[in-house]
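Engineer: just the structure for this:
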Amino acid sequence: MKGCDVLVLGAGSAGLAAAASAARNGASVILVERHGYAGGMGTASLVHTFCGLYLAGGERPVVANAGFPAEMEERMRRATGSGPVKMGRVWVLPQHPVEFVKIADAVLLDSGVKMLYHSEAIAAEPEGDGWRVEVASRGGIFPLRAKVVVDASGDAVFAALAKAETATTEGGRLQRPAYVFAVQGGGEGGLVTAGRIVEGVRRGVLTKDSLGLHFRASGRTGEIFGTIDLSGKEAEYDPLNPECLSGLETAGRAIAAAAIDFLKGEAESWAGAYISQWPVRAGVRESRRWIGKKVLRAEEILSGARYDDEVALATWPLELRETNRGPKLRYAEGDLPAGIPLGCLVPETLERVFVAGRCISCDHEAQASIRVMGTCFATGQAAGNAAAQAAAL
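Structural biologist: Here you go, the predicted model:
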């Protein structure tokens with residue numbers, strides 16, 4: 001049986017940070033990831049902006065969380081040659097998924113993390129002073145033993161395996177998923193394109209699901225990213241149901257393909273356009289969450305609450321996407337950052353387990369702030385540091 005000090009489930013922004021941080025603190029680390037590279041939403045789902053890295057407001061960008069988040073900010077700026085951009089009241093950093101994969105590979109290699117790609121945890125039980133976790137791959141099922149587990153799966157997978165209590169918002173209010181795709185050889189002003197899509201819907205050529213589609217330059221010559229918020233059939237939306245997820249993937253591709261075909265016939269600037277990359281998966285924003293020793297509430301983020309045991313700062317507004325008609329933003333008073341207490345990363349009932357990323361212990365509206373990649377880097381770092389310390393005891 002393979003063993004390690006810290007087993008991290010999921011190699012998204014939070015899992016990447018957790019694994020690297022634990023390893024840099026001297027722990028032996030195995031990172032289990034279902035895809036073939038790290039980065040999660042920022043790579044597999046093509047989400048091309050780091051949100052939550054910076055303090056809100058201000059005349060210049062200020063990185064909110066030191067350590068791993070600041071390191072990723074610097075690495076991405078060097079890789080893309082692009083700096084932060086202010087969008088309304090918040091600062092964001094454009095990022096490119098291809099560069100993110102390369103950066104993640106370098107971070108994991110340099111940190112000494114052992115990667116298990118194309119693998120996923122399917123069972124878990126306490127064993128001695130740690131955990132026995134069964135992992136499935138195409139080659140079969142094999143056991144791993146870890147002193148400490150970090151769940152950075154995004155879906156609170158380990159909570160389900162260990163039969164811990166979780167929280168899930170009803171399907172009609174869950175944050176709608178994003179579908180992002182890459183396009184070559186097309187583009188024009190955003191308002192002009194939006195007007196064309198409205199006209200396509202009016203004429204019955206495009207469905208109403210196309211109305212939220214918008215495009216943004218990728219930073220690479222001739223390439224843009226298109227983003228659609230999918231409805232998920234409202235109350236029927238279940239991001240843990242494979243039939244629902246399958247429907248999202250096919251719907252996203254159909255909407256994108258129809259929109260590009262329509263635009264190609266409407267304007268010379270789109271005549272040579274083609275879809276150059278599909279995402280590995282649609283970008284799920286919210287699903288199942290852990291219940292921890294502390295549940296972070298929306299009102300605490302909106303008031304800029306701070307805590308003696310805080311391990312990260314949340315700086316992003318509540319970005320509520322409960323429909324596919326765009327976000328509703330609620331900002332903290334005075335654009336203040338809010339503290340994320342350690343208790344949000346510690347399950348209420350399990351020992352030697354930590355949580356990071358969008359499935360930490362919080363309510364539905366608070367999750368609309370803490371789920372962004374910049375904040376996930378910070379909670380991942382905190383979980384990794386705590387896991388390494390626990391494994392050393």
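Engineer: ranges for the helices of the stretch 101-250 of the chain?
Structural biologist: 157-161, 190-202, 242-264 (DSSP state H, counting those that start in this stretch).
Engineer: of those helices, which approaches Ser119 most closely?
Structural biologist: helix 157-161 (12.4 Å; Cβ to Cβ). Using the backbone N, CA and C atoms, a C-beta is placed for each residue, glycine as well.
Engineer: list the helices and strands the closest one packs on?
Structural biologist: If contacts are counted by 3 or more Cβ pairs under 8 Å, 6 or more residues apart in numbering; DSSP states H and E, helix 157-161 sits against strand 120-127, strand 140-151, strand 288-290.
Engineer: helix, strand or coil: sort out Arg285 for me.
Structural biologist: Three-state call for Arg285 (DSSP: H, G, I helix; E, B strand; the rest coil): coil.
Engineer: about what we covered before: would TSV of the helices and strands packed on helix 157-161 with mean pLDDT, distance to Val62 and mean neighbour count be doable?
Structural biologist: Shown next, in TSV, are those (pLDDT from 0 to 100; distance: least, Cβ to Cβ, whole Å; neighbours: other Cβ atoms under 10 Å):
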stretch	mean pLDDT	distance to Val62	mean neighbour count
strand 120-127	98	37	16
strand 140-151	98	28	21
strand 288-290	98	29	24
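Engineer: in CSV, list the ones you listed along with distance to Phe354.
Structural biologist: Below are the helices and strands packed on helix 157-161 laid out as CSV (distance: least, Cβ to Cβ, whole Å):
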stretch, distance to Phe354
strand 120-127, 14
strand 140-151, 5
strand 288-290, 10
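Engineer: nearest to Pro341, of those?
Structural biologist: Of the helices and strands packed on helix 157-161, nearest to Pro341 by Cβ to Cβ is strand 288-290, at 13.5 Å.
Engineer: looking at the helices and strands packed on helix 157-161, which is nearest to Ala251?
Structural biologist: strand 288-290 (22.2 Å).
Engineer: which outside residues touch that closest one?
Structural biologist: 151, 155-156, 159-160, 164, 166-168, 240, 347, 355, 358-362, 367 (Cβ atoms under 8 Å, 6 or more residues apart in numbering).
Engineer: can you tell me which of these end up in strands?
Structural biologist: Asp151, Thr166, Ala167, Thr168, Val355 (DSSP state E).
Engineer: so which of those residues is the closest to Arg321?
Structural biologist: Thr168 (16.6 Å).
Engineer: contact partners for the closest one?
Structural biologist: Ser287, Arg288, Arg289.
Engineer: residues contacting Leu7?
Structural biologist: Here Leu7 is in contact with Val29, Ile30, Val32, Trp131, Val133, Leu144, Ala146, Val148, Val149, Val150 (Cβ under 8 Å, 6+ apart).
Engineer: what's around the first one, how many residues?
Structural biologist: This points to Val29. 31 (other Cβ atoms under 10 Å).
Engineer: and for the fifth one?
Structural biologist: With neighbours defined by other Cβ under 10 Å, the count for Val133 comes to 24.
Engineer: and Arg60, what's its pLDDT?
Structural biologist: The per-residue pLDDT reported for Arg60 equals 97.
Engineer: how about it, secondary structure?
Structural biologist: coil.
Engineer: tell me the centre residue of the protein?
Structural biologist: The residue lying closest to the centre of the chain (Cα atoms, centre = their mean) is Met41, at 4.4 Å.
Engineer: distance of that one relative to Pro84?
Structural biologist: Note on Met41: its distance to Pro84, by Cβ to Cβ, to the nearest Å, is 19 Å.
Engineer: need phi/psi at Glu59.
Structural biologist: phi -90, psi -10 (degrees, to the nearest 10).
Engineer: confirm Cys16 sits in a helix?
Structural biologist: Not Cys; residue 16 is Leu. Yes. Judged by three-state DSSP, Leu16 forms part of a helix.
Engineer: all the strands of the stretch 251-393 of the chain, residue numbers only.
Structural biologist: Applying DSSP state E, counting those that start in this stretch to the stretch 251-393 of the chain gives strands spanning 274-277, 288-290, 310-314, 318-320, 328-330, 338-341, 353-355.
Engineer: what's the third one packed up against?
Structural biologist: Right, strand 310-314. strand 338-341, helix 364-370, helix 373-392.
Engineer: which of these is buried the deepest?
Structural biologist: For those, the largest average neighbour count (mean count of other Cβ atoms under 10 Å) is found in helix 373-392, namely a mean of 27.
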